[in-house]
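S.K.: what's the 3D shape of this:
(6 chains)
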Protein chains: 6
Amino acid sequence: MKHDLAHRFEHLDENMMKVEVNLDDISSEWLGYVMDLLFEVGVNDVFYIPIYMKKNRPGVMLQVLCDTKNLELVKSIIFAETTTLGIRYYPASVHRLERRFIKVDTHLGRVSVKQGFHKGMLVQQAPEYEDCRKLAEKHKIPLQLVFQEVWKEL
Amino acid sequence: MKHDLAHRFEHLDENMMKVEVNLDDISSEWLGYVMDLLFEVGVNDVFYIPIYMKKNRPGVMLQVLCDTKNLELVKSIIFAETTTLGIRYYPASVHRLERRFIKVDTHLGRVSVKQGFHKGMLVQQAPEYEDCRKLAEKHKIPLQLVFQEVWKEL
Amino acid sequence: MKHDLAHRFEHLDENMMKVEVNLDDISSEWLGYVMDLLFEVGVNDVFYIPIYMKKNRPGVMLQVLCDTKNLELVKSIIFAETTTLGIRYYPASVHRLERRFIKVDTHLGRVSVKQGFHKGMLVQQAPEYEDCRKLAEKHKIPLQLVFQEVWKEL
Amino acid sequence: MKHDLAHRFEHLDENMMKVEVNLDDISSEWLGYVMDLLFEVGVNDVFYIPIYMKKNRPGVMLQVLCDTKNLELVKSIIFAETTTLGIRYYPASVHRLERRFIKVDTHLGRVSVKQGFHKGMLVQQAPEYEDCRKLAEKHKIPLQLVFQEVWKEL
Amino acid sequence: MKHDLAHRFEHLDENMMKVEVNLDDISSEWLGYVMDLLFEVGVNDVFYIPIYMKKNRPGVMLQVLCDTKNLELVKSIIFAETTTLGIRYYPASVHRLERRFIKVDTHLGRVSVKQGFHKGMLVQQAPEYEDCRKLAEKHKIPLQLVFQEVWKEL
Amino acid sequence: MKHDLAHRFEHLDENMMKVEVNLDDISSEWLGYVMDLLFEVGVNDVFYIPIYMKKNRPGVMLQVLCDTKNLELVKSIIFAETTTLGIRYYPASVHRLERRFIKVDTHLGRVSVKQGFHKGMLVQQAPEYEDCRKLAEKHKIPLQLVFQEVWKEL
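M.R.: Numbers count the residues shown, from 1 in each chain, chains lettered A, B, ... in the order given. Below you'll find the model as predicted:
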């Protein structure tokens, strides 16, 4: 178990924006695509919520969490790639833990583990999904076995 | 409180079909419309379920409950009005209560109440929504007050 | 294709309010009704979100988007027509595109198309649902065929 | 029907905070547990929303409504008991009705009923679930019959 | 790590029934209650699915998985405790793994772990939630730490 | 617009199986992964449904549609990659339309369009998502513009 040098201090980010759009006239195929585009430009999160809209329409709400300085870019992508005529948003604070990445060696191979520290105490340890997935595919074993091997070393 | 003559015996309907379609490339506007069309031809129920489909698509499952003898008609409407290339279905039994409709007089007006009997015992009493809605609009009072007035008479 | 004179400039509306209520002791029949009432008084949007509440209750969150000057009216309707004892809300900004309505002539009939402009560029074109629905019913053809005829003319 | 002395005035609470966390790497077993913990420390509400996250993950959003003075405590619980590395939040106003509790006597037993008053007018009357549940269990009758008996007395 | 004697062979259960009811006129409070009642009489599973029903109603589908020999009892509870006038159902096969329970000793205390065997191979190991919850409460530590301690011993 | 030779006759497939698993103790990360694995072995569809499970757990139902001859393989993957101890399934019929693929040339490039025929009549025309996505990326234009160009040629 080796410690990576990468880390950030725990902090409060007061410049985040939550962006929302309700959609009732769009193909879900396009929604999968716009999620990819938004992640590519570096937003913090993108996700969908099922909603019940007027006239018996099973709609979807797109929610994006992004830095306020990227708001214009996010809006441009949403106006271009979805069918909406309006985008709503409101500021949000985000409390982020200090993050460190450590490398954990198992008999299956090496895996990064993301750690979260709250007031200096270790509260989260999450094996990186992509590392575990690659080892599962390499060894042709279930993904959950890879996670279990990592947990044993933590 | 007067008794209506309309009623049906409690019975088991073995000829029902549950029809399902997954949709990830359709506008919700069209889904509200096809629900109306399906009810118009007399299916027993139509509803949507939010589902998570491949490629991050927030899709929708259409479910229809209909009599087996209407299956071909239901399939024709779904093929014409949605974007699907396949419809799946499987038989289901339905246990239906004996139903009676009674008229209940309140100081706001008369309301139909649907009753359900299981093995001869009254187990359900539901004021008809459309009757209550009309009285709420006529008297310009909240809908829940109308329901409460009916419940007091039951 | 004729241009309608109606249009609005693209703008930022800073006076919107997002209103939320969690409900775990109400009939869905009443929820369909209160949605209609809220649209009738001119709110911008009303929709429901499925939520998981305490004691294994599959509840519903009502969300309303309205102008701040209508907040009192919206609250009165919600207190009268739902079962809640508290309503929460927070301000939201809405970026609205410039909207124009054009008329498009197809061999099936005329349809309004709502256009959205972002920084002067056309980014959205949506055939009006109600116009398309009427043509589908008039010609007894699938709704999607009507939309397709309109798209060909855009 | 007797009046309880307990009541509160209708008021606007400007010090509430809405707290949100997106989760895609946690067991639902733990989510049921953290809901209990959060209610125990006195938050106003806790609930979950199904969301569609990246990489085809059917995630969950945890939402908590709490007083701003409890924000640090709520964050500590969430960081300790969930797998998140960040918590977002934003202020919300809550309009609360005046509440009174009355006791209603039915032939099944006594039940508390929570009343809500808006501008001095009675707009809500809700039989207390736990009281009704106990009477249903005591008399071995359906829960809905207990509620109906209470409604008749209101 | 000690082995418990309890176990069952892997088998196919052909006598299961899936029971479904759509509900659009019921309080969620009652739905939490009927879930408890159904588990008490020994059904295999009870859960709710959010559905979009006619007239803009955010309804709920109740699904129950039970042995066919308990079908009549399940139907009686649903007719008594919900507002439905009809219950639908269809047979389902269930492939169940061989189950064994082992006791795992950690420095926090002893925990049962449920194991699942497929064709003789161990494929599942799940620490019992209730055991872990008790240890978390006893030691006043996060629930996830208890699970992690158990995983290290597996 | 050129016709592809590939096509299939409209037919009824009576050998399909619907497979279901309820999950309340699994990471969503693993659920995205198992969806990929199941598609790789050729199942017809995989998707998730949000469900409300006991003890306030926001669970997920995995549903798979596959040919009966692949049932054992599907079960093995689910037992290996998820945390379930039981898998339920029931037969379903699937009515599949005759499918043809045509190539459509637009000024942006060539796109495959999947057509569906019901009783010899063309009822569906769907531009292939992956083709449209590539053209959107190549020309750096919104995805919806590519779809619109294809629709104009249909």
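S.K.: what's the lengthiest helix in chain A in contact with?
M.R.: Taking DSSP state H as the criterion, chain A has its longest helix at helix A:28-40. For helix A:28-40, contacts defined as Cβ atoms under 8 Å, 6 or more residues apart in numbering or on different chains pick out A:23, A:46-48, A:60, A:62, A:64, A:74, A:77-78, A:81-82, B:23-26, B:53, B:55-60, D:54, F:129, F:133, F:136, F:143-144, F:147. Where C-beta positions appear, they are placed from N, C-alpha and C, glycine not excepted.
S.K.: Could you do stretch A:102-117 as well?
M.R.: Contacts of stretch A:102-117 (Cβ under 8 Å, 6+ apart): A:1-4, A:10, A:97-101, A:122-128, A:131-132, A:135, A:138-139, A:141, A:146, A:149-150, A:152-154, D:79, D:84-85.
S.K.: Any of those buried? List them.
M.R.: Neighbour counting with 16 or more other Cβ atoms under 10 Å in any protein chain shown marks A:10, A:97-100, A:123-128, A:131-132, A:135, A:146, A:149-150, A:154, D:79, D:84-85 as buried within the contacts of stretch A:102-117.
S.K.: Of these, which belong to helices?
M.R.: A:131, A:132, A:135, A:146, A:149, A:150, D:79.
S.K.: secondary structure element for the closest residue to chain D within chain A?
M.R.: Closest contact between chain A and chain D, by Cβ to the nearest Cβ, is at residue A:48 (4.0 Å). For residue A:48, the enclosing helix or strand under DSSP states H and E is strand A:45-53.
S.K.: how much does that strand deviate in direction from helix A:28-40?
M.R.: On the basis of axes from the mean of the first three to the mean of the last three Cα atoms, to 10 degrees, strand A:45-53 is oriented at 150 degrees to helix A:28-40.
S.K.: Have a look at chain A and report its longest strand.
M.R.: Scanning chain A for the strand with the most residues, using DSSP state E, yields strand A:11-23.
S.K.: can you tell if that one touches chain E?
M.R.: No: against chain E, strand A:11-23 shows no contacts by Cβ under 8 Å from any Cβ of the partner chain, the least distance being 14.4 Å.
S.K.: and chain A, which residues reach chain F?
M.R.: So chain A meets chain F at A:27, A:29-30, A:33-34, A:50, A:80-81, A:83, A:129, A:133, A:136, A:142-144, A:147 (Cβ under 8 Å from any Cβ).
S.K.: quick one: which of the residues you listed is most hemmed in?
M.R.: Highest neighbour count within the residues of chain A next to chain F, by other Cβ atoms under 10 Å in any protein chain shown: residue A:50, with 26 neighbours.
S.K.: what's the spacing between the residue most central in space within chain A and residue D:130?
M.R.: The C-alpha lying nearest the average C-alpha coordinate of chain A belongs to residue A:45 (Cα atoms, centre = their mean; 4.8 Å). Residue A:45 sits 38 Å away from residue D:130, taking Cβ to Cβ, to the nearest Å as the criterion.
S.K.: and what of residue A:138?
M.R.: Applying Cβ to Cβ, the value for residue A:138 to residue D:130 is 55 Å.
S.K.: again, but for residue A:28
M.R.: Relative to residue D:130, residue A:28 is positioned 42 Å away (Cβ to Cβ).
S.K.: okay, the two: which has more neighbours?
M.R.: More crowded of residue A:28 and residue D:130, by other Cβ under 10 Å: residue A:28, with 25 against 11.
S.K.: What does the pLDDT read for the nearest residue to residue A:139 once chain neighbours are set aside?
M.R.: The shortest distance from residue A:139 to any non-neighbouring residue, by Cβ to Cβ, 6 or more residues apart in numbering or on different chains, is to residue A:108 (5.8 Å). pLDDT for residue A:108: 98.
S.K.: what domains does the record give for chain A?
M.R.: A:12-95, A:98-153 (automatic domain parsing).
S.K.: a markdown table please, covering those and showing distance to residue E:90.
M.R.: Shown next, in a markdown table, are the domains of chain A (distance: least, Cβ to Cβ, whole Å):
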| stretch | distance to residue E:90 |
| --- | --- |
| domain A:12-95 | 24 |
| domain A:98-153 | 31 |
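S.K.: Tell me the residue in chain A that is farthest from the middle.
M.R.: When distances to the mean C-alpha position of chain A are computed (Cα atoms, centre = their mean), the maximum falls on residue A:55, with 32.6 Å.
S.K.: Checking my notes, that residue in a helix, right?
M.R.: No: assigned with DSSP: H, G, I helix; E, B strand; the rest coil, residue A:55 falls outside any helix and is coil.
S.K.: Under a three-state scheme, what state does residue A:77 occupy?
M.R.: Following three-state DSSP, residue A:77 is assigned to helix.
S.K.: count of residues packed around the spatially closest residue to it that is not a sequence neighbour?
M.R.: Here the nearest residue to residue A:77 in space, its sequence neighbours aside, is residue A:37; by Cβ to Cβ, 6+ apart that works out to 5.6 Å. Here the number of neighbours of residue A:37 (other Cβ under 10 Å) works out to 19.
S.K.: what's the answer for residue A:118, then?
M.R.: 18.
S.K.: excluding its backbone neighbours, what's nearest it?
M.R.: Spatial nearest neighbour of residue A:118, chain neighbours left out: residue D:79 (4.6 Å); criterion: Cβ to Cβ, 6+ apart.
S.K.: Where does pLDDT dip in chain A?
M.R.: Judged by pLDDT under 70, chain A has its weakly predicted residues at A:1-7.
S.K.: Flag every residue of chain A that's near chain B.
M.R.: For chain A, the residues in contact with chain B (Cβ under 8 Å from any Cβ) are A:23-29, A:31-32, A:35-36, A:48, A:50, A:53, A:55-60.
S.K.: rerun that using 6 Å as the cut-off
M.R.: Within chain A, the residues that sit near chain B (Cβ under 6 Å from any Cβ of the partner chain) are A:24-25, A:27-29, A:31-32, A:35, A:48, A:50, A:55-60.
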